[in-house]
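>>> Below are the sequence and a predicted model for it; my questions follow.
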Amino acid sequence: MASPIGLIIDAVIVIIILIIVIPILVSAIRIVPEYQRLVKFRLGKLVGVYGPGVVFVVPIIDRVMTIDLRIITIDMASQKGLTRDNVEVTVDTAVYLRIIDPLKTVVSVSDYRSATATIAAATLRDVIGMVDMDTLLTQREEIAKKIATMVDEHASPWGIKVNAVAIKDIRLPDTLIRAMAAQAEAERIRRSKIILAQADYEAGQLYLKAAQQYSQNTISLLLRQLDTLVEIAKEHNMIIVVPNTMEATSLSALAMSLSKKESNAGGTSGQ
């Protein structure tokens with residue numbers, strides 16, 4: 001029959017073994033979600049890509065790297081470049097990419113984020129140098145697509161797919177901004193002057209047509225002058241009697257005389 005001391009020693013040994021074995025067993029079981037993959041190395045040799053689901057890893061012998069398959073955003077540092085027409089610009093961009101081949105990514109490049117950002121920065125400067133400032137400002141989306149295509153060609157051997165490149169901001173020198181503002185203001189003034197001149201021209205044409213119609217039709221002129229007399233009479237509470245034999249020229253002279261007289265009377269009363 002075992003002594004109590006022996007039982008205690010056996011229990012302690014079992015507890016120690018459990019304390020050592022349980023963490024090892026727990027670390028040997030990896031649960032990989034749908035959006036991740038595990039790249040496993042055994043004694044330094046590439047074994048393969050595993051996941052999603054439960055993956056068993058031999059402690060000490062196996063080494064794994066976790067790769068995220070979701071889209072990754074890289075906010076790049078501001079890049080300065082010189083356009084084709086020698087304008088210095090500062091461009092802020094972001095690169096959207098995802099890993100499509102974890103095996104290539106792990107084996108081909110040590111830091112895929114830094115490598116992709118470096119390629120994108122160099123490509124951005126090259127593209128800026130190929131276009132002028134107006135094209136860079138007005139065709140931002142087309143230029144961003146071109147950069148994305150060029151970066152994707154470089155990153156494809158690394159198992160990386162560049163989905164898009166976004167040009168977030170384009171900053172110009174302050175002196176150029178002031179010059180562009182002055183140019184825009186001058187353009188607005190020019191357009192307003194053209195509109196006013198066109199309005200004066202059209203009004204002159206209408207006056208000329210009216211004068212031609214009145215000169216060819218004395219009845220129309222007479223009716224227009226009678227309307228003028230009626231308006232003057234209503235405004236100043238007057239009664240104007242027009243003889244039947246009064247000619248158009250007399251009506252015109254009467255209308256002008258009444259208008260002048262009323263204006264003089266208004267000026268005298270104001271004093």
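Received the coordinates, thanks.

>>> in the protein, which spans are helices?
Per DSSP state H, the chain carries helices over the ranges 4-28, 102-108, 112-130, 133-138, 140-155, 174-216, 218-236, 248-270.

>>> avg pLDDT for the first one?
When pLDDT is averaged over helix 4-28, the result is 78.

>>> just the second one next, same as before
pLDDT averaged over helix 102-108 equals 93, rounded to a whole number.

>>> Quick check: which helices or strands does it pack against?
Contact partners of helix 102-108 among helices and strands, from 3 or more CB pairs under 8 Å, 6 or more residues apart in numbering; DSSP states H and E: strand 36-42, strand 45-50, strand 62-68. Every residue, glycine included, has its C-beta placed from N, CA and C.

>>> before we move on, back to that, pick out the shakiest of the helices of the chain, pLDDT-wise.
For the helices of the chain, mean pLDDT drops lowest on helix 248-270, to a mean of 51.

>>> Quick check: the residue nearest the centre of the chain vs Pro4, distance?
Nearest to the geometric centre of the chain sits Lys168, at 7.2 Å (CA atoms, centre = their mean). Remark: distance between Lys168 and Pro4 (CB to CB, to the nearest Å) = 75 Å.

>>> now swap in Arg190 and tell me
To Pro4, Arg190 is 109 Å away according to CB to CB.

>>> of these two, who's got more company?
Each of Arg190 and Pro4 has its neighbours counted (other CB atoms under 10 Å); Arg190 has more, 10 against 7.

>>> show me what contacts the residue nearest to the centre of the chain?
Contact analysis of Lys168 by CB atoms under 8 Å, 6 or more residues apart in numbering lists Asp92, Thr93, Ala94.

>>> Check the second one and give its pLDDT.
Okay, so that is Thr93. 94.

>>> show me what contacts the nearest residue to it once chain neighbours are set aside?
Here the nearest residue to Thr93 in space, its sequence neighbours aside, is Met76; by CB to CB, 6 or more residues apart in numbering that works out to 5.0 Å. Neighbouring residues of Met76 by CB under 8 Å, 6+ apart: Asp92, Thr93, Ala94, Val95, Ala117, Ala120, Ala121, Leu124.

>>> now Ala121
For Ala121, the contact set (CB under 8 Å, 6+ apart) comprises Met76, Ala77, Gln79.

>>> so how far is Leu18 from it?
From Ala121 to Leu18 the distance is 54 Å (CB to CB).

>>> rewinding a little: need the contacts of Ala121 in CSV with pLDDT and distance to Asp111, can you?
Converted to CSV, those look like this (pLDDT from 0 to 100; distance: CB to CB, whole Å):
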residue, pLDDT, distance to Asp111
Met76, 90, 15
Ala77, 89, 16
Gln79, 90, 19
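
>>> Distance to Ala182 for these - can I get that in a markdown table?
What follows is the contacts of Ala121, written out as a markdown table (distance: CB to CB, whole Å):
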| residue | distance to Ala182 |
| --- | --- |
| Met76 | 33 |
| Ala77 | 32 |
| Gln79 | 28 |
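
>>> which one of those residues is nearest Pro59?
Nearest to Pro59 out of the contacts of Ala121 is Met76 (CB to CB; 39.5 Å).

>>> That closest one and Lys168, how far apart?
Met76 is 9 Å from Lys168, by CB to CB.

>>> Chain neighbours aside, what residue packs nearest to Ile143?
The shortest distance from Ile143 to any non-neighbouring residue, by CB to CB, 6+ apart, is to Val127 (6.0 Å).
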